[in-house]
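**Q** just need the structure, nothing else, for what follows:
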Amino acid sequence: MHTTLHHQLDPSLQNTLQHRFCVEKKNIKVEIAWSQFRHQFTPGYEDILDRGVNNGLYDPGIPLKKYLFSITFHERE
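**A** Predicted structure coming up:
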């Protein structure tokens with residue numbers, strides 16, 4: 001993805017590689033910690049967001065609210 005984004009932003013980089021894989025595995029612990037955090041955090045966070053929908057605070061049928069939600073939470077359609 002990194003290379004693709006660079007190619008889209010700068011066509012002069014076509015046919016070049018914009019990343020390299022690290023020989024040493026220094027980030028595995030960080031990736032494991034992030035994965036565990038995400039799996040533990042996401043369900044509770046989704047419940048909070050569902051409460052907003054269920055209590056009428058957020059209506060995805062209203063374009064402005066949907067737009068603001070997508071900006072706030074970086075949701076992609």
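**Q** how about His6, what does it touch?
**A** Taking Cβ atoms under 8 Å, 6 or more residues apart in numbering, we find His6 in contact with Leu13, Gln18. Bear in mind the C-beta positions are built from the backbone N, C-alpha and C, glycine included.
**Q** now do the helices in the protein.
**A** Applying DSSP state H to the chain gives helices spanning 2-9, 28-54, 63-73.
**Q** do you know which of the ones you listed lies nearest Thr16?
**A** Among the helices of the chain, the nearest to Thr16 by Cβ to Cβ is helix 2-9 (7.8 Å).
**Q** quick one: buried residues of the closest one?
**A** His6 (16 or more other Cβ atoms under 10 Å).
**Q** let me see the mean pLDDT of it.
**A** Mean pLDDT, computed over helix 2-9, is 77.
**Q** gap between it and the chain center?
**A** 17 Å (Cα atoms, centre = their mean, to the nearest Å).
**Q** I'd like the helices of the chain as TSV, with distance to Asn15 appended.
**A** TSV is the format used below for the helices of the chain (distance: least, Cβ to Cβ, whole Å):
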stretch	distance to Asn15
helix 2-9	9
helix 28-54	30
helix 63-73	34
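**Q** rank those by pLDDT, which is bottom?
**A** helix 2-9 (a mean of 77).
**Q** distance of the residue of the chain most remote from its centre from His6?
**A** Distance from the C-alpha centroid of the chain peaks at Ser12, with 27.7 Å (Cα atoms, centre = their mean). Going from Ser12 to His6 by Cβ to Cβ, to the nearest Å gives 10 Å.
**Q** repeat for Lys66
**A** Taking Cβ to Cβ, one finds Lys66 at 31 Å from His6.
**Q** do the same with Asn54
**A** Taking Cβ to Cβ, one finds Asn54 at 42 Å from His6.
**Q** kindly report the same for Tyr67.
**A** 28 Å.
**Q** got it, and Asp47?
**A** In terms of Cβ to Cβ, Asp47 sits 38 Å off from His6.
**Q** and for Thr16?
**A** Separation of Thr16 from His6 (Cβ to Cβ): 8 Å.
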